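K.L.:
the sequence and its predicted three-dimensional model are supplied below.
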Amino acid sequence: MTTQLSEDEIYQKAKKRVEEIKGFYAHLCVYLAINLLVIIIWLVTSLGAYPWFVFPVGCWGVVVILHALFVFVFNKDARWEKNAVEKEADKLRKMGQGDK
């Protein structure tokens, strides 16, 4: 079943998608900048000591990877939204047929 989207709906969906992608890239830039500082702090203060920076870099890295997966791979929200609209449209059609 296909539904026609108005130009405004297409624009709103595209805008939402661009905001999601922009949010991911902002997250990635902050991750890289902060973790670069963390590594520099480790190099300056405790070179040769235990590489403690691995834990924050690694844990936050997992979060960044999950963010990327949700934005670029899964995009579950779009599928859920489409399914919800389809269900509501079917309900309304059935209600309309009962009125005749």
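P.N.:
Looks like it came in fine. Numbering: from 1, shown residues only.

K.L.:
give me the distance between the residue positioned nearest the centre of the chain and E20.
P.N.:
Geometric centre of the chain, nearest residue: V71, 3.3 Å, by Cα atoms, centre = their mean. As judged by Cβ to Cβ, to the nearest Å, V71 and E20 stand 5 Å apart. Heads up, the C-betas are built off the backbone N, CA and C, glycines and all.

K.L.:
same check, this time on L66
P.N.:
Distance from L66 to E20, counting by Cβ to Cβ: 14 Å.

K.L.:
ditto for I40
P.N.:
I40 is 31 Å from E20, by Cβ to Cβ.

K.L.:
ok so, going back, give me the nearest residue to the residue nearest to the centre of the chain, chain neighbours excluded.
P.N.:
Excluding its sequence neighbours, the residue lying closest to V71 (Cβ to Cβ, 6 or more residues apart in numbering) is F24, at 4.6 Å.

K.L.:
residue contacts, that neighbour?
P.N.:
67-68, 71-72 (Cβ atoms under 8 Å, 6 or more residues apart in numbering).

K.L.:
adding distance to L36 and secondary structure, write those residues out as CSV.
P.N.:
What follows is these, written out as CSV (distance: Cβ to Cβ, whole Å; DSSP: H, G, I helix; E, B strand; the rest coil):
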residue, distance to L36, secondary structure
H67, 19, helix
A68, 19, helix
V71, 23, helix
F72, 24, helix
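
K.L.:
could you turn the buried ones of these into a ChimeraX selection?
P.N.:
Restricted to buried positions by 16 or more other Cβ atoms under 10 Å, the ChimeraX selection for these reads:
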select :67,71
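
K.L.:
nearest to V85, of the contacts of F24?
P.N.:
Distances from V85 to the contacts of F24, taken as Cβ to Cβ, are shortest for V71 (21.3 Å).

K.L.:
list the contacts for the closest one?
P.N.:
20-21, 23-24.

K.L.:
and what of G23?
P.N.:
By Cβ under 8 Å, 6+ apart, the contact list for G23 reads V71.

K.L.:
strands of this structure, start to end?
P.N.:
Defined through DSSP state E, the strands belonging to the chain form an empty list.
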